[in-house]
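Q: Any chance you could fold what I've pasted below:
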Amino acid sequence: MGKTRPCESRSFLGMIKVCACWDGSSGDTGRGKSKFKSDTCTNKVYHGFHLVEGQSGHDMEDYHVAEYRKKKGHVLGLFAIFDGHLGDRVPSYLKTNLFDNILNEPIFWEDPETAIKKAYHSTDKDILENSVQLGPGGSTAVTAIVIDGKDLWVANIGDSRAVMCKCGTAEQLTVDHEPHNERTRIRKQGGFVTNFPGDVPRVNGQLAVARAFGDGNLKAHLSSEPDVRRVSIDPIIEFVVLASDGLWKVMNNQEAVDMVRAIKDPQAAAKRLTTEALVRNSKDDISCVVIRFA
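A: A predicted model of the protein is given here:
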């Protein structure tokens with residue numbers, strides 16, 4: 001994660017941009033809430049999102065999911081950020097298929113953790129088997145499933161991240177799968193990790209994450225095993241931020257929580273975070289979903 005610039009070092013123009021919530025791009029933005037009713041729901045769930053294309057010289061490669069479904073008498077909130085590389089075909093495929101694969105696992109209701117892991121693996125297999133259509137690229141992922149407003153299941157591969165605000169304190173729910181942290185596994189699988197001056201560690205000198213969907217040419221050294229975590233949503237949990245590394249490269253967890261805790265509109269909160277990331281000179285695509293509970 002990059003160091004954030006201190007407030008006093010920002011340019012006057014940058015401060016104006018923040019105050020005006022200017023982001024240099026209309027982006028993709030919206031908000032929503034569950035319209036389904038269930039006797040088992042204990043909290044209201046509502047969300048907002050904002051995505052902005054970066055300045056790295058390629059087309060937008062981030063995709064998001066933010067929707068609600070009713071299944072077997074339960075109300076589900078489904079949220080995700082997919083951060084692609086070498087094109088947008090893999091994250092687009094994930095947006096369409098990953099949650100269906102998770103929810104169609106026969107054991108989902110009895111064992112969500114195992115179902116999520118199995119669906120991540122089977123989805124990765126599908127992507128690799130369809131590489132002619134999907135191309136050589138890949139994607140990181142962070143997914144969140146809210147069940148009846150009371151149980152939250154978060155999973156990730158790569159460096160997109162989920163952060164929870166609990167009584168004003170930031171708590172990271174996911175693991176950043178950086179190559180230097182998995183060097184031993186990568187070496188055992190025949191790969192290597194480079195760490196050149198001025199660059200981040202990379203698998204075989206190419207990819208800056210140790211786990212991802214797709215990336216067939218590196219798959220022998222990459223993992224598609226997600227870290228999965230369950231959180232019971234109680235009254236002291238205020239909101240969760242899902243975001244791609246375009247945000248987290250320039251902002252730490254507590255800064256993000258402090259910045260938007262007082263903003264009750266989750267769409268405005270998501271836009272505030274992406275705007276600040278731009279002011280801090282993040283060049284990557286920046287995607288953010290804020291999920292609030294009430």
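Q: now the helices for the stretch 151-294 of the chain?
A: With helices called from DSSP state H, counting those that start in this stretch, the stretch 151-294 of the chain shows them at 183-188, 245-248, 253-260, 266-279.
Q: Using neighbour counts, pick out the buried residues of the shortest one.
A: The reference is to helix 245-248. For helix 245-248, the neighbour count (16 or more other Cβ atoms under 10 Å) marks D245, G246, L247, W248 as buried. Heads up, the C-betas are built off the backbone N, CA and C, glycines and all.
Q: May I have stretch 239-258 exported as CSV, CA atoms only?
A: Output in CSV follows, covering the C-alpha atoms of stretch 239-258 (Å, rounded to 0.1, in the frame of the first residue of the first chain):
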residue,chain,number,x,y,z
PHE,A,239,-21.0,-0.3,7.3
VAL,A,240,-18.6,-2.2,5.1
VAL,A,241,-16.4,-0.8,2.3
LEU,A,242,-15.5,-3.0,-0.7
ALA,A,243,-12.9,-1.5,-3.0
SER,A,244,-10.3,-2.3,-5.6
ASP,A,245,-6.6,-1.6,-4.9
GLY,A,246,-6.9,1.7,-6.8
LEU,A,247,-8.3,3.0,-3.4
TRP,A,248,-6.2,1.1,-1.0
LYS,A,249,-2.9,2.0,-2.7
VAL,A,250,-3.4,5.6,-1.5
MET,A,251,-5.5,5.3,1.7
ASN,A,252,-5.4,3.1,4.8
ASN,A,253,-8.3,1.4,6.4
GLN,A,254,-8.9,3.8,9.2
GLU,A,255,-8.7,6.8,6.9
ALA,A,256,-11.4,5.4,4.7
VAL,A,257,-13.7,4.7,7.6
ASP,A,258,-13.1,8.1,9.2
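Q: I'd like the average pLDDT over it.
A: Stretch 239-258 carries an average pLDDT of 98.
Q: cool, and stretch 136-155?
A: pLDDT averaged over stretch 136-155 gives 97.
Q: what packs against the helix ranked longest in the chain?
A: For the chain, the helix with the greatest residue count under DSSP state H is helix 112-129. Here helix 112-129 touches helix 89-103, strand 138-147, strand 151-157, strand 213-214, strand 227-232, going by 3 or more Cβ pairs under 8 Å, 6 or more residues apart in numbering; DSSP states H and E.
Q: Buried residues, it. List them.
A: Buried-residue list, helix 112-129, by 16+ other Cβ under 10 Å: P112, A115, I116, K117, K118, A119, Y120, S122, T123, D124, I127, L128.
Q: try stretch 181-196
A: So, applying 16+ other Cβ under 10 Å, buried residues of stretch 181-196: E182, R183, I186, G191, V193.
Q: Look up how far R202 lies from the last one.
A: Shown here: V193 relative to R202, a distance of 7 Å by Cβ to Cβ, to the nearest Å.
Q: overlap in contacts of these two?
A: Residues touching both V193 and R202 by Cβ atoms under 8 Å, 6 or more residues apart in numbering: P179.
Q: So for G2, what's the pLDDT?
A: 37.
Q: count of residues packed around A208?
A: For A208, the count of nearby residues is 18 (other Cβ atoms under 10 Å).
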